Structures are given as C-alpha cells and as structure tokens.
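>>> What follows is a protein structure lacking sequence information:
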C-alpha cells in the first residue's frame with residue numbers, strides 16, 4: 001500500500017510506504033498522549049528525594065509522618081517564642097513600674113532575646129533551606145525552657161518588689177492619726 005501526496009508547492013509527488021504511514025500515525029497519536037501524561041502526572045524529582053525514593057512505601061510513609069510531626073512541633077515552638085517576645089515586652093513595662101533600672105534589664109544575660117532573634121522589627125519569618133531536625137528541635141525546646149525559667153525568676157523578683165512597695169504604702173501612715181483642732185500635749189515642743 002502506498003500513499004501518494006500531491007501538493008501545488010511540491011514539484012514532484014511524494015509517496016509513503018505502509019511502514020512510513022504507520023509510523024506517522026503512531027507518532028501523531030503518541031505525541032498528544034505523552035504530552036497529556038506529562039502534564040497530568042505529578043512531578044517527583046528523584047534527586048531531591050535521595051534515598052527516600054529507594055525505600056519501601058511503608059518505611060517512606062513513616063519517615064514522612066515523623067517529619068510532619070516534627071514540623072508541627074517546630075510550628076508550635078515558633079508560636080511559643082512569639083508569645084515569649086510579647087511577654088518580654090510586658091515584663092519591661094512591669095519592671096519600669098517597679099522602678100527597675102532599664103540598663104540593668106538590657107544587660108541581664110538571662111533576658112536576652114531567644115535564639116539571637118532581633119527585637120527591632122527588621123526581617124521576616126525564618127525560612128530554612130531544610131526542615132528542622134529532631135536534634136535542632138530538642139535544642140530549641142531546651143533553650144526555650146531555660147529562657148522561661150530565667151524569666152520566671154526575674155518576674156518573681158519584680159513581683160516581690162511591687163508587693164513590698166504595696167505593703168509599705170499600706171503600712172506607713174499618710175494622714176494625721178486624730179483630726180483635732182488643738183494639740184493635747186506640748187511634750188517635745
């Protein structure tokens with residue numbers, strides 16, 4: 001079977017054999033199918049997955065599950081650090097009320113910002129190139145625990161100062177004991 005192609009732009013007629021015609025039809029059918037599959041199937045980069053691509057599906061899902069849990073803990077840790085920063089601002093206001101020296105607050109090594117975070121409003125959310133590992137998460141939790149302990153001790157001192165001022169204010173007389181128009185005793189005058 002031969003297919004003869006004739007066109008006004010061609011000087012000579014071209015003929016295709018059965019094999020050539022079959023290959024042309026197969027190419028015209030396979031090209032859209034391959035293009036569709038390329039866009040429909042999800043892209044998985046083997047280089048990014050590394051050894052995970054070679055693991056059995058059960059182990060791979062447990063690794064992914066544990067990483068999801070670590071990510072959730074890291075997110076919760078970030079929220080706790082944000083709360084600590086808000087509490088630090090409130091602690092500074094209370095320290096000023098208690099009459100604490102501001103230079104003493106700034107120079108206290110236990111009240112430094114967490115993880116070297118800047119407090120002057122520059123920057124944005126921390127985006128790491130890799131997910132937080134379990135060891136890094138434990139270190140961050142330990143740092144947060146130590147910071148909470150140090151701030152608790154500091155705030156206990158501030159509370160004691162404010163309580164002492166309150167007690168002294170209530171105990172010391174601030175008015176005359178007896179409201180009288182005359183002195184009943186002239187002793188010491």
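Thanks, I have the structure now. Just so it is clear, the structure is predicted and the values come from calculations on it, not from any experiment.
>>> for the protein, what spans make up the helices?
Using DSSP state H, the helices assigned to the chain run over residues 18-40, 46-49, 57-97, 102-107, 134-171.
>>> what number of residues lie near residue 41?
8 (other CB atoms under 10 Å). In short, each C-beta sits where N, CA and C put it, glycine included.
>>> follow-up on the earlier one: now the helices of the chain in a markdown table, with mean neighbour count?
Output for the helices of the chain, formatted as a markdown table (neighbours: other CB atoms under 10 Å):
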| stretch | mean neighbour count |
| --- | --- |
| helix 18-40 | 10 |
| helix 46-49 | 9 |
| helix 57-97 | 13 |
| helix 102-107 | 11 |
| helix 134-171 | 13 |
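>>> Need those helices in a markdown table (columns: mean pLDDT).
Converted to a markdown table, these look like this (pLDDT from 0 to 100):
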| stretch | mean pLDDT |
| --- | --- |
| helix 18-40 | 89 |
| helix 46-49 | 58 |
| helix 57-97 | 79 |
| helix 102-107 | 64 |
| helix 134-171 | 84 |
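>>> wait, which of those is closest to residue 8?
helix 18-40 (21.3 Å; CB to CB).
>>> sorry, back to before: export the helices of the chain to a markdown table and tack on distance to residue 9?
Shown next, in a markdown table, are the helices of the chain (distance: least, CB to CB, whole Å):
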| stretch | distance to residue 9 |
| --- | --- |
| helix 18-40 | 19 |
| helix 46-49 | 47 |
| helix 57-97 | 57 |
| helix 102-107 | 85 |
| helix 134-171 | 69 |
